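Trainee: Pasting a predicted model and its sequence here:
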Amino acid sequence: MLTGTIHRRITQLRIPRINLKKTTAVSASTLLIATLVLPAYANASPAGYDYQRSPSPAADTSQHIEVPAEAATIKVSRDSYAALTGLQVRQEAADSAHAARLAALKSLGVEPGDDYPWPHALTDDEGGGLSPIGYYYRECVDFVAWRLNQDAGATSNKLRWRWSDLTPQGGDASQWKANWEAHHWPVSADPQPGWVAWWGSNHVAYVESVNLADKTVHIEEYNLGNQGRYSSRTIPIAHVDAFLSPPPA
């Protein structure tokens, strides 16, 4: 019949059913396989790598340093880096001040008539020491002792008289007269050129000339007024306590 024929054709043209459960399972399986074969940008890790130990494989690799075994035996020494002590610091400061005073003295120049060999040496008060003669530099006694050496034909490199020769019983100016008397060298109230003018108040000077007409002496000296410098002046003979003769040649 016509009706039956049409029914069969429509039945044959029906779209087959799709099993959603099976399709879903297949799709999930396919996705899982695709994920496993993709490049390991996010989930895959190198074999044996422990994420809990280091969160960054790149950082772990870049920080890996090979240290030679012999480097472990190297010892650091502080011997060449010793710290300065307080005493050394103070000494360096004193040395700097010493150099500054010495430079200032040199800038002053030398007074006319001053032939003292060490006019720029530092005095005892400035931290200086003893001259080759044996007295402190630029003291009155050292200058007069130098003049006595000069008159005896000596030089600063080859001295005739030293502290131990002139004043072995004490080198202060106030002690010179007693030393002269112990040597039995002449001591007088009448001066002569080349003698020593002596004061019991602790000063000596060199008699450069004598003027009997006006009873004065012209003297040369060092450290008058504790200045540590050369000077000369003319004074009455009566203003000098005593005059000491030069040591015998």
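Mentor: Here it is on my side, so go on.

Trainee: Please give me every residue in contact with the spatially closest residue to residue 245 that is not a sequence neighbour.
Mentor: Distance criterion CB to CB, 6 or more residues apart in numbering; nearest residue to residue 245, sequence neighbours excluded, is residue 186 at 3.9 Å. Yep, even glycine has a C-beta here, placed from its N, CA and C like the rest. Residues near residue 186 by CB atoms under 8 Å, 6 or more residues apart in numbering: 180, 244-245.

Trainee: can you count the residues close to residue 114?
Mentor: Look at residue 114: counted by other CB atoms under 10 Å, it has 15 neighbours.

Trainee: what are the phi and psi values for the residue lying closest to residue 248 once chain neighbours are set aside?
Mentor: Excluding the flanking residues, the one nearest residue 248 by CB to CB, 6+ apart is residue 185, at 7.1 Å. With angles defined as degrees, to the nearest 10, residue 185 sits at phi -90, psi 150.

Trainee: Residue 142 and residue 165, how far apart?
Mentor: 14 Å (CB to CB, to the nearest Å).

Trainee: Comparing those two, which shows the higher neighbour count?
Mentor: residue 142 (25 against 16).

Trainee: could you pull out the helices for the chain?
Mentor: Taking DSSP state H as the test, the helices found in the chain are 2-12, 20-37, 57-62, 86-108, 140-151, 163-166, 176-183.

Trainee: what's next to the shortest one, contact-wise?
Mentor: It refers to helix 163-166. Helix 163-166 has contacts (CB under 8 Å, 6+ apart) with 133-135, 145, 148, 171, 176, 179, 247.

Trainee: Just the closest of these to residue 228, please.
Mentor: residue 135 (12.7 Å; CB to CB).

Trainee: Roughly how far does the nearest residue to that closest one once chain neighbours are set aside sit from residue 134?
Mentor: Excluding its sequence neighbours, the residue lying closest to residue 135 (CB to CB, 6+ apart) is residue 142, at 3.8 Å. Distance, residue 142 to residue 134, by CB to CB: 8 Å.

Trainee: Please list all residues in contact with the residue nearest to residue 248.
Mentor: Contacts of residue 185 (CB under 8 Å, 6+ apart): 244-245, 247-248.

Trainee: Kindly export stretch 182-189 (C-alpha atoms) in PDB.
Mentor: This file holds the C-alpha atoms of stretch 182-189, laid out as PDB (Å, rounded to 0.1, in the frame of the first residue of the first chain):
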ATOM      1  CA  ALA A 182     135.700  72.200  89.500                       C
ATOM      2  CA  HIS A 183     137.900  72.200  86.300                       C
ATOM      3  CA  HIS A 184     140.000  75.000  87.900                       C
ATOM      4  CA  TRP A 185     139.300  77.100  84.800                       C
ATOM      5  CA  PRO A 186     139.500  80.900  85.400                       C
ATOM      6  CA  VAL A 187     136.300  82.700  86.600                       C
ATOM      7  CA  SER A 188     136.500  86.500  86.800                       C
ATOM      8  CA  ALA A 189     134.500  89.700  87.100                       C
END
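
Trainee: What mean pLDDT does it get?
Mentor: Across stretch 182-189, pLDDT averages out at 98.
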